[in-house]
Structures are given as structure tokens and as C-alpha cells.
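**Student:** Give me a 3D structure for the following:
(2 chains)
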Amino acid sequence: MANVVDVQGVRKVYNRDSLEIVVLDGITLLVPEGEFVALMGPSGSGKTTLLNLIAGIDRPTSGRVTVAGTDVARLSESALARWRSRTVGFIFQFYNLIPVLTALENVQLPLLLAPLSRKERRERALTALRIVGLEDRSAHYPRQLSGGQEQRVAIARAIVADPKVLVADEPTGDLDARSAEEILTLMETLNRDFKKTIVMVTHDPRAAQRAHAQKHLDKGVLTA
Amino acid sequence: MRHLPYILKHLRRNWVRTGSTVLAMSVCIFLFCTLQTFVRAVTWNLQSASATRLVTRHAVSLVFNMPIAYKERIAAVPGVVRVAKVNWFGGTRRPNDFTEFFPNFAVEAEPYLEIHPEFIVPEDQKKAFLADQRGCLVGRRTIDRFGWKIGGTFQLESFIPPYRVGKPFDFVIDGIFDTDLARYPGTDTSMMFFHYKYLYEMTNQRVGVGTYVVEIGDPHQATAVGRAIDALFENSDAQTKTETEAAFRAGFVSLAGNLAFLLNSIALAVTFTILLVTANTMSMAVRERRTEIAVLKTVGFPSGLVMGLILGESAALGALGGGSGLLFGWGLIRMLPSLPFIGEAVRGFPELGLSPAIGGLGFALALGLGLGAGLIPALLAYRARITDMLRQA
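**Tutor:** From the prediction side, this is the model:
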């Protein structure tokens, strides 16, 4: 099976004042299509940085990140934005829904960039909300939803443009156990039934067990 | 257009802040439009000054009249085509009550109308006026204002002591004058003219001449002709000052010129303050939304579009403020003449109304203010890196 994510010898260095901080040091990671991978590791190990590189919201200092056949580092800012809108769906720990928009409008956001009519956008967003089980809450604002429901809306937003890859940064980190369970089940469904490749950062071993594979990072190096 | 609902929803997010910013912007545009309208009204009829007309007046002050005999001597100066006597009458319909005031002049009718082709009177009405000592010509604006008709009568009583004869002057409306604003911009059709002879007789032939309007053949000779006229009376009791009609009117509005400078300075100061207020609002709005901006960029919004959304939001603030400011201004300017005290002061201005040009300028200023205020926050959002914004959130 082809690798959707191909990270080769990636190094990421941040410069803070005169200090050079090596966050990732020679990471190589392959994620086959349809895989569900959990990235684990202690705080500051570089998990989120690696996830950001895969999602195309950051660029490596050296090395190559190829996602769905595209060398991310070679794209210009605007091309990278276009690429993200089509290829990657991002799920944040704190949902990051826009409070002034309803669930439906939040889900429609990525579609505003696509050449779709208003009706098509609405239909697609409703479909995404149906998949996450929140079609009946489409008119609700984020403040009117529970944490678990907000995260499901965020997942609907991540999948509405039908991206190949979903990246999730501690998607259950802000949820109670029951809601976390629901979210993980939903992610399994997206992986199994909708063939989405998922890369998930988590601290939670129970969440990691739901993935097909676990990768461990420590001090910027993949250890397992 | 597909992003407009997104922009408008954000404006509703903190409606108190949005409302107060719009209100501040609105007050700014309201002030700008009202002040500019006032300045325009004050300087409006400068436009109608003709290059072939000179005005001769008493050298000391307009308060003093000149002898009637000056007319023949002025007419004899080389380069002079015609001369007409003109006296500002200052009549009101009720003694010292300026609520229904309109400018009124005693003129030497025949030469005056020939010198002023901008006052267009039908020939039969002109004939009737010239033949009637109590007759008068009234401009269209005043006719419309009072609903007067040809043949109607009214009375005026002057507030100027030499013209106060113990009873009002009676007038018959013999003619109505219009103008062609395309050919003669700035012509005031709120004025009323009556015969100098009527004033002269009513004051027992004691009144002199306030100003002589002098038509000259060659506008390039204006200075030389003016000097020649003044030289005639250099050694008399009533020395004269002759100047072009434009200079004469500008003298009237020189005080208004300073007023215009003052009003424009106020408008500029208010505008700058509002720019800072709006810029602060936009900065706060953007700072609060770092995460949202990061999310927009993450889901694929290009930086240029994110910048456009913020500029759109600030332009919408400007448009809302500008729109409401224009509405306020339009309403107040309409109400001004009926307000106590200030109404009396502004009622005499022939062109007091929010013009499309000033309205358009006010709205453009509001949009400019909005865009200016949003520019720095939008640029910061444009340049901000997603990971930095997510980390700072």
C-alpha cells in the first residue's frame, strides 16, 4: 500500500533569541494510505511540531515531507493553503470553532474556498454533520453545544472537503471519558468506513490503543 | 460576496464595541458633512461673480453711501459700458424678525438687469416690472418658499436706519426670475429686487447709493478701470474703492474663510481621533481572534483572503458609520433652518443642503477611515504564522 505520508530525515530547529532549539532531529516516518497512527511522547518531544509539518502549517528546517504525493516544503504560501484545503483536515484539541458561526456555518468554512454553490455547500456540510451525528444541531452555536459535540462539529469541518489525511492534535485532551470514547469511535469509523488516513497526537494510552500503529517521540527523535 | 455573512457576523460578535465604534464614526461623518455643507453654503455664490463686473463702494465702509451724482462720472470713464445703482435694503416681513428673511436690494432696474444676464425674466414680466414703481422681481426659491404668485403683494421693513420711514414698503410681484445654473453657477434665486427710485422717493430723496455695479468691456482692463474710477473721487468727501465683483464678494466671505479654516481643522481633528478609535477597535478585534485567524489559515484560507476579510470588516464598520452619519447630517441640515437661534443665522444661505458631492466625499472618508483603521491589523494577520498564533492563543 502506498505511503500517504512520507517524512524523510526531517529536522526542525527554532531560534529563540540566541538559542537554537532542535525540536525534531532527523525524523523519518511513513504512513501508508488508510492507516491510523498515534504519535505519543512526553510534552516537548516534538509531536505537535511533526503533526504541523504533516498538515502543511509549518515547514521543516531540513529534510522532506511528502503528503499525498506533494512535497510540502516546495509549495508557496498560497499554494500550500490551497493544498491544505483539499488534502488535509485538522482536528484541534480545543475544537477552535468560530463562536459567531453556527455548527453548519463552521462546517461550511473550508467549502467557501471551493467553487460550489450555496446549496451545494449547505448539502455537503449537512452530510458531514450527519456523519458525526449532529445534523439536528446544525443551527446551534458552539456555546450551545457540549465539549464532545463541539469536537464532533470540528471533525465534521475537518472532513467536509473530503481530504485524504486527517491530522488530530490531542482530539480527546479536553473531553471527559465518555465524550473521548465517542470521538475515538467516530475517528475509527472515519478510518474504517471512509478510508481516511489519520495521524493523531495523544498523551492518552487508551486513545493510542485505538490506532493501528503507535509511534513514540522523545526529545525530537522517533524511538519506536 | 460569499464571505459577507462571515464579516457581518463578526461585527455582531461584540455589538457594544461595534455599536460605539459605528457611533463614533457616525458622529465624525456627520460633523464632516455638516461643516462642509456650511462652508459650501457660505462660499457658494462666489462662483457667480463675473469678470466683466466691478463694484464701487465707499472707501471707508459699506455702511456709508455715495452721492447719486457719481453715476454719470463713473459711466464716463473709458472702458465702462454700464453702471447701475444698488442698495442693500435689509428688509424683513416683520420688524427685526429674520425668520422669513430673504436678501432684498433696491436696484436701478434697467441697467442692472442688462449687467446681470443670469437673472432670467420673461419679457412681459420685465416690462411690467419696469413700468411699476412699487413692482419687484422675486427669485424662484423665494417664490416657492412662500407660495407667492405674480400680482401678489407683500411688505418689507428695513432694519437699516436711513431706510426706516415709519411704515413698511409695499411691493407688488411683477416678475419672477430664474437662472440657468449650468451657465451661471452660484446664482442665488432667493433674492428680491425692487426699484431704487422707489427707495429714493420713500426716503424723501435723502438716500445715497450703497454700491455701483459697473460693467466693463474688457475684463483685462478691470484693474485700470477700477483705478480710474477711484482716481475720480480721490479728493472728494466720499472716496471710493472699486474692485472686481469676485474680490468684493470674497471680502464678504473673508471672515467665513477663516471660519472655513476653523471648521476644516475641527473636522480633521475629529477624523484623526476617529481613525485612532477605529484602529484600536480593529486591533482588539483581531487580537481576540488569533485562534480564529489560525483556523482560517489552517483550513486553507490564503493569507490575502484573511487580510481581505479583516479589511472588509473594517470597511463595513466605516460604511455603517458613514451611512448613519450621512443620515444624521442630512436630517440635521434639513432641520437647521427651523431650529431656534441657529435657524435664523443659516436661513439666508441659498444652498443649504447636503449635496451629493459632500455626501459622497463623507461616505468615501468613512470607508477610507475604516480601511485605514483595519490596515495594520490586517497586515499583521496576513503575516502571522499559524503555529505562532495557535501557540499564543
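**Student:** Name the helix or strand for the nearest residue to residue B:14 once chain neighbours are set aside, please.
**Tutor:** Excluding its sequence neighbours, the residue lying closest to residue B:14 (CB to CB, 6 or more residues apart in numbering or on different chains) is residue B:285, at 7.4 Å. Where C-beta positions appear, they are placed from N, C-alpha and C, glycine not excepted. Assigned by DSSP states H and E, residue B:285 belongs to helix B:254-288.
**Student:** what comes up buried for that helix?
**Tutor:** Within helix B:254-288, the residues scored as buried using 16 or more other CB atoms under 10 Å in any protein chain shown are B:256, B:259-260, B:263, B:267, B:270-271, B:274-275, B:277-279, B:281-282, B:285-286.
**Student:** Contact residues of chain A facing chain B?
**Tutor:** A:52, A:55, A:57-58, A:77-78, A:81-86, A:90, A:92, A:96, A:98-101, A:105, A:109-110, A:112-113, A:118, A:157, A:161 (CB under 8 Å from any CB of the partner chain).
**Student:** Okay, and which of those residues map to strands?
**Tutor:** Counting by DSSP state E, those place residue A:90 in strands.
**Student:** follow-up on the earlier one: got the contact list for the residue nearest to residue B:14?
**Tutor:** Taking CB atoms under 8 Å, 6 or more residues apart in numbering or on different chains, we find residue B:285 in contact with B:10, B:13, B:14, B:17, B:313, B:377.
**Student:** Drop anything exposed from the residues you listed.
**Tutor:** The buried subset of the contacts of residue B:285 - by 16+ other CB under 10 Å - is B:10, B:14, B:313, B:377.
**Student:** which two in the residues you listed are spaced the farthest apart?
**Tutor:** The largest separation in these, counting by CB to CB, is between B:14 and B:377 at 14.8 Å.
**Student:** Taking the centroid of chain A, which residue is nearest it?
**Tutor:** Nearest residue to the geometric centre of chain A (CA atoms, centre = their mean): residue A:167, 2.0 Å.
**Student:** That should have said chain B, apologies.
**Tutor:** residue B:41 (1.1 Å).
**Student:** So that residue: helix, strand or coil?
**Tutor:** helix (DSSP: H, G, I helix; E, B strand; the rest coil).
**Student:** how close does it get to residue B:234?
**Tutor:** Distance, residue B:41 to residue B:234, using CB to CB, to the nearest Å: 38 Å.
**Student:** try residue A:78
**Tutor:** Residue A:78 is 80 Å from residue B:234, by CB to CB.
**Student:** Between these two, which has more neighbouring residues?
**Tutor:** Applying other CB atoms under 10 Å in any protein chain shown to residue A:78 and residue B:234 shows that residue A:78 carries more neighbours, namely 12 against 9.
**Student:** That one contacts residue B:303, doesn't it?
**Tutor:** Yes. With contact defined as CB atoms under 8 Å, residue A:78 and residue B:303 form a contacting pair (7.4 Å).
**Student:** Name the nearest residue to the residue of the stretch 201-350 of chain B found nearest chain A, sequence neighbours excluded.
**Tutor:** Closest to chain A within the stretch 201-350 of chain B is residue B:300: 2.4 Å, counting by CB to the nearest CB. Once flanking residues are discounted, residue B:300 sits nearest to residue A:85: 2.4 Å by CB to CB, 6+ apart.
**Student:** Distance of the one you found relative to residue A:101?
**Tutor:** Taken as CB to CB, the span from residue A:85 to residue A:101 is 17 Å.
**Student:** Now do the contacts for residue B:307.
**Tutor:** So residue B:307 contacts B:378, B:379, B:381, B:382 (CB under 8 Å, 6+ apart).
**Student:** what's around the residue of the stretch 201-350 of chain B closest to chain A, how many residues?
**Tutor:** Residue B:300 has 25 nearby residues by other CB under 10 Å.
**Student:** so how far is residue A:201 from it?
**Tutor:** Distance from residue B:300 to residue A:201, by CB to CB: 21 Å.
**Student:** which residues touch the residue nearest to the residue nearest to the centre of chain A when sequence neighbours are not counted?
**Tutor:** Using CB to CB, 6+ apart and skipping the chain neighbours, the partner closest in space to residue A:167 is residue A:55 (4.6 Å). Taking CB under 8 Å, 6+ apart, we find residue A:55 in contact with A:84, A:88, A:90, A:165, A:167, B:298.
**Student:** Recalculate using a threshold of 6 Å.
**Tutor:** If a contact means CB atoms under 6 Å, 6 or more residues apart in numbering or on different chains, then residue A:55 has A:88, A:90, A:167 as its contacts.
**Student:** Could you do residue B:65 as well?
**Tutor:** B:208, B:209, B:210.
**Student:** Likewise for residue B:358?
**Tutor:** Contacts of residue B:358 (CB under 6 Å, 6+ apart): B:33, B:36, B:37.
**Student:** List just the nearest of those to residue A:9.
**Tutor:** Looking across these and measuring by CB to CB, the closest to residue A:9 is residue B:33, at 64.9 Å.
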